[in-house]
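>>> only geometry, no sequence info:
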């Protein structure tokens, strides 16, 4: 069973609009799967029009952003009180700085928006929130950059999903 079919079966008992919002709010899934599932016709998806799919996925993908931006620091500070938590966050911060610091220092908020906006694995809103936290972005700047990135990714995925839908005759 693929992740798409699992998600469809998991959310089949709730209204499709709510299913897309919930899917888009989930880490890993985000709008990278929510938009294609929303647009594709049954039994592969919900058969929504692209504008509705786009709007619902954007809403869902942005739902966890504000709590993540507000609470990542207090939660990490709390978990760092224990040796395992401290070791994990030290690893995370060191790794993130090593892999991405040049880009974030050079491009700032634009770099964060592009990071979130390019629909590749591990580059969505959840990871963008973690990167904003690690690099010390101010709340407003991080929120706007992540929102811009989510819009960019949503547009790209909507256009690609429409193309695949037409190409496959689904």
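That came in fine, so what should we check first? Remember, predicted model here, so these are calculated numbers, not experimental data.
>>> I'd like the average pLDDT over the helix or strand that contains residue 163.
For residue 163, the host element (DSSP states H and E) is helix 139-167. The pLDDT scores in helix 139-167 average 90.
>>> buried ones in that helix?
For helix 139-167, the neighbour count (16 or more other C-beta atoms under 10 Å) marks 142-143, 145-154, 156-158, 161-162, 165 as buried. For glycine as for every other residue, the C-beta is placed from the backbone atoms N, C-alpha and C.
>>> low-confidence ranges in this protein?
Applying pLDDT under 70 to the chain flags residues 1, 97, 99-105, 164-170.
>>> backbone dihedrals for the residue of it positioned farthest from its centre, please?
Farthest-out residue of the chain from its mean C-alpha position, per C-alpha atoms, centre = their mean: residue 83, at 29.6 Å. The phi and psi values for residue 83, taken as degrees, to the nearest 10, are phi -60, psi -50.
>>> residue 48 too?
Backbone torsions for residue 48, taken as degrees, to the nearest 10, come to phi -80, psi 160.
>>> could you measure from it over to residue 112?
Applying C-beta to C-beta, to the nearest Å, the value for residue 48 to residue 112 is 29 Å.
>>> between those two, who's got more neighbours?
residue 112 (26 against 21; other C-beta atoms under 10 Å).
>>> what sits against the more buried one?
Listed by C-beta atoms under 8 Å, 6 or more residues apart in numbering, the contact partners of residue 112 are 104, 128, 131, 132, 137, 142, 145, 146, 149.
>>> can you pull the contacts of the last one?
Right, residue 149. Shown in contact with residue 149 (C-beta under 8 Å, 6+ apart): 112, 113, 114, 115, 116, 117, 125, 128.
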